[in-house]
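*Asks:* 3D, please:
(one chain, ligands or ions: 1)
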Amino acid sequence: MPEVAAGLTTTEAAFIENAQRDGRMYIHQPYELYSEENHESWRKLFSRMQAQWRQYANPHFLKGIDSLCFDASQVPRLEDVNRFLQPLTGFQAKAVSGYVPAFDFFDCLSRREFPTTITIRRSDRLDYLPEPDIFHDIAGHVPMHTDPKFADVLVRFGNCAHTAKRLVADIKDEKVRQQRLTSMIKALARFFWFTVEFGLMNTRDGVRAYGSGLLSSYGELAYALTEPRVQRYPIQMEWVVNQGFDYHHYQPLFFIVDSFEHLFQLVDELERWLASGKLENVAPGAPDINDADHNSFLRAETPAQA
Ligand SMILES: [Fe+2]
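*Replies:* Take a look at the predicted model:
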C-alpha cells in the first residue's frame with residue numbers, strides 16, 4: 001500500500017490517485033488528511049463569497065446557506081452537511097474520487113444522492129479550478145438541494161437518464177445506438193449546464209443566479225449578472241438542447257427561468273421530448289461524450305438490493 005501524503009488539494013492528493021487507480025468511485029471523506037492550507041482555502045473562498053452571494057444569489061440559495069450552518073473556518077464534513085440537509089429534502093452529499101460517468105451521475109440524483117468532490121483548490125490560486133472541488137460542490141450546489149422544488153428538479157433529471165437508457169436498450173444496430181445515445185446525453189448535459197450549473201432566474205429583486213458554477217465563482221457570478229456584453233434570455237428548450245458550451249472561459253450566454261416550478265415543468269418536457277425521439281439528433285458540438293459516458297448507459301441495471 002503506497003504511503004498516502006497529507007493534504008487533499010485538487011490534482012495533488014495521493015488518496016484520490018489511489019482511489020482512482022483502484023477503480024473506487026464512491027469513497028469516504030478522510031477528514032484527517034485535510035491540511036492547514038486546505039482549510040485556509042475554504043476560509044478564503046467562503047469569506048470572499050459572502051457579499052457576492054447577498055448581492056447576486058437567488059433567495060432559495062441564501063436560505064439554504066443559512067440552514068446548512070457551515071463552519072466558515074474549516075472544510076465541511078460531509079456527515080455534518082448531510083445532518084442538516086437530509087431532513088429537508090432527503091438529499092445527501094456522497095463522496096466521489098473524481099469524474100462520474102453521465103448515467104451514474106444522473107442515477108445518483110434520482111436516488112437523492114449528490115456525487116461530491118472532496119478535494120479543494122490551492123489556497124494561492126483560488127480562481128484556478130482544473131476540475132470541480134468541494135467548494136464548488138458543497139458551497140455552490142448543496143445549498144440549492146435544501147429547496148424541495150429544486151430537489152425534485154434534480155430527481156427528474158435522474159428520471160430522464162433512465163428514460164434515455166430504456167430507449168437505447170433495444171437498439172440492435174450499434175452505430176444507430178451510439179449516434180442516438182450521444183445525442184440524448186448531449187441534450188441532457190446541455191440542459192443541466194444551462195440550468196443547474198449556470199442558470200439565472202427572475203426574482204422580485206431582479207435577475208439572480210441559481211446555477212452552481214456561478215454561485216461558486218467569485219469573478220463569474222458578478223460578471224454573469226452585470227457585464228453588458230453577456231447575453232441573457234428567457235429559457236427556450238429548443239435552443240438549450242442544441243447549444244454547445246465551452247467551460248474554459250466565462251460564459252457568454254445564460255438562460256433565465258421564472259421559478260423552480262417552471263424549471264421542473266421544463267425537465268418534465270425534456271423527458272417527453274426524449275421519449276418521443278425528438279432529442280435523437282441534436283446539433284453537434286460540445287460537450288464531448290466519452291466512452292465511459294456511453295458505457296454507463298449501456299450497462300445492465302444493477303439488481304435492486306434485497
Ligand atoms: Fe457542478
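*Asks:* Confirm Asp127 sits in a helix?
*Replies:* No: when classified by DSSP: H, G, I helix; E, B strand; the rest coil, Asp127 is found to be coil rather than part of a helix.
*Asks:* number of nearby residues for the closest residue to it other than its chain neighbours?
*Replies:* The shortest distance from Asp127 to any non-neighbouring residue, by Cβ to Cβ, 6 or more residues apart in numbering, is to Gly219 (6.3 Å). From N, CA and C alone the C-beta is placed, and that goes for glycine too. Neighbour count for Gly219, taken as other Cβ atoms under 10 Å: 11.
*Asks:* before we move on, what about Tyr26?
*Replies:* Neighbour count for Tyr26, taken as other Cβ under 10 Å: 14.
*Asks:* repeat for Glu17
*Replies:* As a burial measure, Glu17 scores 16 neighbours (other Cβ under 10 Å).
*Asks:* now it: how far from Glu32?
*Replies:* Distance of Glu17 to Glu32, given as Cβ to Cβ, to the nearest Å: 18 Å.
*Asks:* Over to Asp246?
*Replies:* Between Asp246 and Glu32 the computed distance is 38 Å (Cβ to Cβ).
*Asks:* got it, and Ala189?
*Replies:* Counting by Cβ to Cβ, the gap from Ala189 to Glu32 is 35 Å.
*Asks:* neighbour count winner among these two?
*Replies:* Ala189 (21 against 6).
*Asks:* thought that one was touching Ala286?
*Replies:* No: counting by Cβ atoms under 8 Å, Ala189 stays clear of Ala286, with 9.0 Å between them.
*Asks:* Okay, helices next: where are they in the stretch 151-300 of the chain?
*Replies:* With DSSP state H, counting those that start in this stretch, the ranges of helices along the stretch 151-300 of the chain come out as 174-192, 212-215, 218-226, 237-240, 260-275, 291-298.
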